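K.L.:
need a structure here:
(chains A and B)
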Amino acid sequence: MQSLDNLKKELSSFAKPATFSRYKFSESLGHGVLELPKEDIVPVLRFLRETGKFDFLMDVCGVHYPEREQAFDVVYHLFSSKTCQRLRIKVALREGEEIDSVTPFWKGANWFERETFDMYGIRFRGHPNMSKLLTHHQFVGHPLRKDYDADAQQHCDSALPLHFEPDPNRVEDGRSLVPLNIGPSHPATHGTLRVMVELDGEKVHRANVELGYLHRCFEKMAETHPYNQVIPYTDRLNYCSAPLNNVAYCKTVERLLGVEVPPKAQAMRIILSELARVIDHIVCIGANAVDLGALTTFFHLFTYREKVYSLFEKLCGARLTVALTRIGGMAQDAPPGWFEDVMRTVKEIRQGIDELDTLLTGNKIWIQRTQGVGGISAEDAIAWGYTGPCLRAAGVSLDLRKAQPYYFYDQLDFDVPIGSTGDVYDRYLVRVAEMRESLKIIEQVCKNVPEGDYTIRDKGIVLPEKKDVYGNIEGLMNHFMLIVKGLRPPVGDIYDATEGANGELGFYLVSDGSGRPYRLHCRPPCFAIYQSFSQQITGGLVADVISVLGSMNLIAGELDR
Amino acid sequence: MNSSVGDTSAGTNTATKPGDPTAVGSASVKDAQLEGMSRSFAFTTRLDDIIAWGRKNSLWPMPYGTACCGIELMSVMGPRYDLARFGAEVVRFSPRQADLLLVAGTITEKMAPILVHIYQQMLDPKYVISMGACASSGGFYRAYHVLQGIDKVVPVDVYVPGCPPTPEAVLDGVMALQRMIATHQPRPWKDNWKAPDYAKLG
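P.N.:
From the prediction side, this is the model:
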């Protein structure tokens, strides 16, 4: 790999020879991997960021290997939007060892490091607020460690009192500031988000967010279930666009297995993904408008969401959580006439989006509530780890469907809409334009659905069809073996990402060769976006808190996992 | 509902002459008067029946949507399924103004005390529908941070199965609750409810 050699050369001139000899370079399924001693994580990451080699810190997570002397790995995933290269950096730590935080120069690491602390007890030195993130305040222990039982519940008897992160810049000048708690049971916080603000009149003086109210242990559940049984759990990550999660997860496992799904399955996955993107944006725009008092939009848009539900229902029987992908392809073929139904529905949705356009885009109240609210610069957005519509609204043209095309997205004709100011209005415009582009994609695919099978027929990966299971001994045996032994990817690890409705939806999977994931980490797009929320609303009006919150499209299922 | 003519213990009676002392509640109602009553809009019933009838047709739900079920609950409220047809369209986000707590979604250990707090703030009579597998039993999240069913902390009147339940199932759940209200079904789980002792939860 050319770039890895370059990196090696540059780092060798940068690092001290004594420590450089401890750097380990390797390559894993197209990504560079670099293993570092823990002292060097800050200088190396700072070097990579400041020289512009990698601009995104996509993910930080932990892995626990109890049998190793250095029982923990902290894994960083870097991404360059210019070259689309990815680099995985691993640092091994002993129990109780601390590692330097990278938050001083990469603010997007903030919550990822906190989550790693919460889940594994790994402390990051120099982090501004090294405290729990997802589990409740009375929770004892670190649940993703291998010695923590998946079903060992710990009850919590009180809500965490109103509090604020340490704020060294606070000036006590005798102003009377009013603390205000918003959520988690509040109409505009969508059930599970909690925002604590301190008000100076109508202005937000400082803010703090609390999350984890929907932390339902996705990653631990994944470790205790066979690969295919994880798929329904992925449905419930971003439940507004369940098929996108299915596709992202299956694609990750398939890449580790080294198989490619047949063209027909790819086509079905693209159609499902784009339909999911449309209905996700529908919920986002609808809910954003409801929160600001425009109920009509929500009712109007939901008509079209229902139409897409009908398509899903016809395809597999479920409306919301479809779980239709399997590792190796799809669970079943589309029923006759389904693609024609999709084409008809696309036409109706297009008309609906035009009507939405007339309802909101020029609406004076909508413009006044959203324009100039919650703006963010492209630089800041990248530093926080923004991806998806919120990043593109800030003017950065990054869409993994174009940047790192998967399936046959590179053969399809579509545009990547971008905004300029990154405010709530731009995010809305980008989402509306993206829905139109998605419909364009669906039509192109539906017109030329490839012939052939909907799944691969590898006996070690995909269950035989029912007629074979009941009809012949070989089918029965294959079925039995796969159910009992499970599908077993080779030992190794992989990070794979797709363009979710909210941005880069990544899965980091570690396989130990058994029938269950050793570690499955989900990189949820809205998690990175939401960590900038406190800063985004500070100094603004309290009413704008709601406007900004809605535009980020926070889906608690993927935020808290 | 019971609306037998002749039982005049309740209510408005537009057929009587003003000032007639024998008209209401008297055993000596004349046949002609009864005849007149039956042709007017008046009807008679038992007080608790008419109250139950009013209650069942004007449930004010507080949607406690935390997860995927919350999205399906939007569909229930939305244009196609339209919960308004059952008199329950006035969605209140303040527990003080609601009498039906519709728990739609997973309740985690972190959320449980807040759910109890919300329930306690509601005014009697109050009802709870548990929508979906997670709220009813923890669902397939047999996990360290998930409450294994909201009935561990609040009394539940109707459980709606499904993951998530279809909107039809939720409507069925609401109708089941309406039947319970109309028939004055005893609710010992609610009457004997005490705020949970977290130390003793299983």
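
K.L.:
Any buried residues in the helix ranked longest in chain B, and which?
P.N.:
For chain B, the helix that runs over the most residues, judged by DSSP state H, is helix B:167-182. By neighbour count on 16 or more other C-beta atoms under 10 Å in any protein chain shown, the buried set for helix B:167-182 is B:Pro167, B:Ala169, B:Val170, B:Leu171, B:Gly173, B:Val174, B:Leu177, B:Gln178, B:Met180, B:Ile181. C-beta here means a position set from N, CA and C on the backbone, and glycine is covered the same way.

K.L.:
Tell me the helix or strand right after that helix.
P.N.:
The helix or strand immediately downstream of helix B:167-182 is helix B:188-191, counting by DSSP states H and E.

K.L.:
Mind listing residues that contact that next one?
P.N.:
With C-beta atoms under 8 Å, 6 or more residues apart in numbering or on different chains as the contact definition, helix B:188-191 has outside contacts at B:Lys126, B:Asp151, B:Pro155, B:Val156, B:Asp157.

K.L.:
Need the phi and psi values for the last one.
P.N.:
Backbone torsions of B:Asp157, given as degrees, to the nearest 10, read phi -90, psi -40.

K.L.:
That one - how many residues pack around it?
P.N.:
Look at B:Asp157: counted by other C-beta atoms under 10 Å in any protein chain shown, it has 20 neighbours.

K.L.:
re the thing from before, ok, the buried residues of helix B:167-182 vs chain A, which is closest?
P.N.:
Sorting the buried residues of helix B:167-182 by distance to chain A puts B:Pro167 at the head of the list, at 8.3 Å, by C-beta to the nearest C-beta.

K.L.:
Leaving out chain neighbours, which residue sits closest to the closest one?
P.N.:
Closest residue to B:Pro167 in three dimensions, ignoring its sequence neighbours and counting by C-beta to C-beta, 6 or more residues apart in numbering or on different chains: B:Tyr81, at 4.1 Å.

K.L.:
contacting residues for the one you found?
P.N.:
Residues near B:Tyr81 by C-beta under 8 Å, 6+ apart: B:Ser75, B:Pro167, B:Glu168, B:Val170, B:Leu171.

K.L.:
Could you do A:Gln531 as well?
P.N.:
Contacts here follow C-beta under 8 Å, 6+ apart; on that basis A:Gln531 touches A:Gly108, A:Asn110, A:Trp111, A:Trp384, A:Gly385.

K.L.:
ok, the third one to chain B distance?
P.N.:
Between A:Trp111 and chain B the distance, using C-beta to the nearest C-beta, to the nearest Å, works out to 16 Å.

K.L.:
what's the helix or strand for that residue?
P.N.:
Per DSSP H and E: A:Trp111 is located in helix A:110-120.

K.L.:
now that helix: mean pLDDT?
P.N.:
Per-residue pLDDT values over helix A:110-120 give a mean of 92.

K.L.:
now swap in stretch A:447-455 and tell me
P.N.:
Averaged over stretch A:447-455, pLDDT sits at 89.

K.L.:
again, but for stretch A:474-490
P.N.:
Confidence for stretch A:474-490, expressed as mean pLDDT, is 89.

K.L.:
how distant is it from the center of its chain?
P.N.:
Averaging C-alpha positions (C-alpha atoms, centre = their mean, to the nearest Å) puts stretch A:474-490 31 Å from its chain's average.
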